[in-house]
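K.L.:
the amino acid sequence is not available; the structure is as follows:
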């Protein structure tokens, strides 16, 4: 690994100033669970590594009934996974966070890292997208926000500029009778990468089991996490039936563009997109029914 | 058996305190002054001609002390011995004109830091001409296959085919299979496939070497046999054994792979070249690319049975994917196992492929061959409508010092097998695996100290708790409490020869040596105590750290008193030596029952119960025996469920790390239940048989049956990944 | 370029010189000479390098040493207090929760963090909490038994 200068700013202003000053020669780090390995492999060789874990805004974990959840980009995943509010309001986010690596890794790894590394199998990405998460970026040029869905553009590719800092995530407050599920298809409960990930966030018509709307997002089956608008459209306004489930599952399988690798073949992944979508929808509706 | 005071007790490991406090010293913890760090340049290709190697830029890096290639060694061969198989593999230390597997060593660099050594490695230029690679043993034997080793000669196989790239073969013929098949009511033929697996000790291969100005070598390393390493270094580097001292450090797991030759030879070569001590520690990736994993197997097995379940004949044709070197074929006859089969015709071939060389992994070849053997027996039992446990009881052979039937019955009783229950998509599986412990030359020295404590000294490497077993044996014989026994490991300069810690042979072989040494002590103690107590030797009782007269416990002297008296006696201080060469043991089996649940939608298998019985002859230390069973059972099952070294068609490994080579974690496993069976063997110390190997052997087959029982599919290829299970379920649904 | 930093390990300050790229694992092993922390894979997959940072287990092979400044670190060497073993250490010995021992320091530290957070864990919770610590020798059976026994022992001593 090439040596570098380690910088640890304590404010956003200081951080973005450093990014601007050393533009193109920096990498931002929080837990370094991805970055250190990539630097070890020579994927990155920055001159400056900027540790953003000392910036208060970046470790926020705050719920406001109106604004929803504000999640600092450098909040350790383990904190998200064990937070009572997250477990209650966003059970699938807690689940997705708990699916990454091991406790040791999750005590260091962060949503900001998962998002900016942008691997197709990043476990919290489908859930965050299904929750319509917005990301906030800061630079010396100012701030901008966008849907996470639009932030990730390809395998390990995002729209972040080299002088920008991912500050936090904004996750809307769930309306009544809204909940969700994340299903990670892997070979074992911990320490594994997803073969397929399916996240579904479902809102039901109050007092009814009719689906008001559903946001469905698949992970590990395309260069980026992908929504399945076709399935979302055909479910909205309906109760789940076997036929609708089958149609939604098939829509998910059609949307997927999986690859074959050592973990699974493309065919298996495509089939499981279908089957796990069905499973996720059934579970999500069940959960939403009980979510006040 | 007479009752024993210390044998059979759950004595905590002698080294446990050091290990829970971080004080135990492993090889990589060593730091010598002036020490350099060695690292390797490896081939990125599985098969290629080397056109050019240029090390000049690497040599120019400040801090680099040596860059070594085969050219600089003037053709020196690294001859590696595989102690567990007793075979010798000839390698060049580095590839010079041709690479034969991805990860093969091209050059080594020694530098003042690891970072500098790695930087220098990146600056070595190599030009390759890439050749097509052979990754599947079935392709490698074809008549049009590329030849991996020059001078190879085609082999006429037992089935009439001509095989290419054969390194070695094993044949076993008994009776007349044709006749056996002719008399059979049903004949079954199946092909089973097991991938390569890595032993995956958590401590990577490591060595530190130093060479003094006279050429004497000192090597600190993590090995299962310090004498094996010494002899191998001697052979490889043409240095007489007495000029090499190998010091065994605490060993962080071995399972058959740590017999030297992987890093130690290179540490010595770099130390010779630089005059500095050199440390080499493998990375995990290097472990997967260039260590000594277990060979893969493709076995076609044909079995003839009578309607009543009696097996009449068995034929097997096995291709072992050993990589560029190695052996598995010798394990092929295990398909006969502990069964009474009158007609056997078994042929195994070690096939060269463009993959790293293979070595021993716990019961070498056993888990692979047992999968084919036992899975097919389960299939036959099912076809004949006979319970799989009953089917085995029907066919198991009997013999002296063995009771295979009792061992399988005990595990079956533990789970109430004949009344077993299961929920939806759950299934039960059973299988056995056999092993006869090895044995080998071992010597030990015991000394009675003036405080009445006992010292045991040998050259044994302790991985599984064998030092503790040695202490228990000495304590039992001399009549001291186990906390008054100190066990010390010598290096190859100081210690008498010790058997390698592998092949389930340590407790049997060294245990006998220690017992004999302790008996010598006991005899002298009795002689002197008889004088002191004015009693007849026959009337003396040795226990609780003293010698007393039977029936008169007040007439006693402590062992310390005896030791002091001995120092003034004509015979002098009390010490004993014991030696053992090789005396036969009796075969033992592990019987395994697995309960598993299958998710038919995803194909994912979840383990619900793992229950194993083992005939250990006599458990010197039941806690240690259980530890061997629990660890071994999990390794076996994991090979069936997760573990495989996967290769791309061009020979590159697809999963050279723990991210995608899945070792079982605590969260993947249920509780493991164990049942000890004790059928003593006459030659074992206190009747003990070796216990290390058998527990791994039945895992794949037991799991296979559990899946079959759960969802009605008959899998032939391990591991049983969700995708394979799902594919089989789909095929079944389609009526194929 | 090397710079001076202070690491606080086992209640003691270590003033050391390190580079930006120095991993916490190497700083602890090479500079502070605390070799109880082990390296098994260098990719965060085996847990042998586990240390506690402010009481939480982390993989020291995936952490820059610079990032550990200001944190209270604990390695296995710091677990026994005043010569008294921690109940986990005692039970790993008694129950046979170790064989080769290379995973033991990390395993015990992960278990300690668990018991500090959840003094009476179920075996499932123990298995989940230890999933990041690979052990190849034991099949985990006696490790789980040791953690259960330690938790019971702690409950009795309160």
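P.N.:
Noted; the coordinates are in hand. Predicted model only: the values in this text are computed from it and were never measured. Residues are numbered from 1 along each chain as shown, chains lettered A, B, ... in the order given.

K.L.:
hey, let's count contacts and neighbours off CA atoms from now on
P.N.:
OK.

K.L.:
ok, and for stretch C:47-61, which residues are buried?
P.N.:
C:47-53, C:55-61 (16 or more other C-alpha atoms under 10 Å in any protein chain shown).

K.L.:
also near chain A: which of those, exactly?
P.N.:
C:47, C:50, C:56, C:57, C:58, C:59 (C-alpha under 8 Å from any C-alpha of the partner chain).

K.L.:
now for these: which two are most distant?
P.N.:
C:47 and C:56 (13.1 Å; C-alpha to C-alpha).

K.L.:
tell me, what's touching those two both at once?
P.N.:
Shared contacts of residue C:47 and residue C:56 (C-alpha atoms under 8 Å, 6 or more residues apart in numbering or on different chains): residue A:104.

K.L.:
secondary structure element holding residue 269?
P.N.:
With no chain named, the answer covers chain A. helix A:266-289 (DSSP states H and E).

K.L.:
wrong chain, I was asking about chain B
P.N.:
In this assignment (DSSP H and E), residue B:269 forms part of helix B:264-274.

K.L.:
what does that helix rub up against?
P.N.:
B:38, B:65-66, B:68, B:78, B:108-110, B:206-211, B:215, B:217, B:219, B:221, B:229, B:233, B:236-237, B:277-280.

K.L.:
re earlier: what distance separates the helix holding residue A:269 from the centre of its chain?
P.N.:
18 Å (C-alpha atoms, centre = their mean, to the nearest Å).

K.L.:
before we move on, what about stretch C:120-140?
P.N.:
For stretch C:120-140, the distance to the chain centre is 14 Å (C-alpha atoms, centre = their mean).

K.L.:
show me which residues of chain C sit near chain A.
P.N.:
Proximity of chain C to chain A, by C-alpha under 8 Å from any C-alpha, involves residues C:1, C:19-21, C:43-45, C:47, C:50, C:56-59, C:62-64, C:66-67, C:128-132.

K.L.:
for chain B, same thing?
P.N.:
B:115, B:601-602, B:604, B:642, B:646, B:654-655, B:659-660, B:665, B:667-668, B:721-723.

K.L.:
could you identify the buried members of those?
P.N.:
The neighbour count (16+ other C-alpha under 10 Å) marks B:601-602, B:604, B:642, B:646, B:655, B:659-660, B:665, B:667-668, B:721-723 as buried among those.

K.L.:
could you find which two of those are furthest from each other?
P.N.:
B:601 and B:655 (25.8 Å).

K.L.:
what pLDDT is listed against residue B:1?
P.N.:
Predicted confidence (pLDDT) for residue B:1: 41.

K.L.:
picking that back up, mean confidence for the helix holding residue B:269?
P.N.:
The model assigns helix B:264-274 a mean pLDDT of 97.

K.L.:
ok, the helix or strand following it: who's next to it in the sheet?
P.N.:
The first helix or strand that comes after helix B:264-274 along the chain, using DSSP H and E, is strand B:278-281. The pairing partners recorded for strand B:278-281 under DSSP bridges are strand B:36-42 (parallel), strand B:206-211 (antiparallel).

K.L.:
partner strands of the helix or strand just after the last one, parallel or antiparallel?
P.N.:
Right, the one you point to is strand B:206-211. On the C-terminal side of strand B:206-211, the closest following helix or strand by DSSP H and E is strand B:217-221. When pairs are called by DSSP bridges, strand B:217-221 turns out to pair with strand B:206-211 (antiparallel), strand B:244-248 (parallel).

K.L.:
can you name the residues in contact with strand B:217-221?
P.N.:
B:27, B:206-211, B:243-249, B:264, B:268.

K.L.:
that one to helix B:264-274, inter-axis angle?
P.N.:
140 degrees (axes from the mean of the first three to the mean of the last three C-alpha atoms, to 10 degrees).

K.L.:
give me the next element, helix or strand, following strand B:217-221.
P.N.:
Toward the C-terminal end, the helix or strand that comes next after strand B:217-221 (DSSP H and E) is helix B:226-237.

K.L.:
let me know the angle separating that next one from strand B:217-221.
P.N.:
Using the same axes, to 10 degrees: helix B:226-237 against strand B:217-221 is 130 degrees.

K.L.:
so what does helix B:226-237 touch, helix or strand wise?
P.N.:
Under the contact criterion of 3 or more C-alpha pairs under 8 Å, 6 or more residues apart in numbering or on different chains; DSSP states H and E, helix B:226-237 touches strand B:77-82, strand B:244-248, helix B:264-274.
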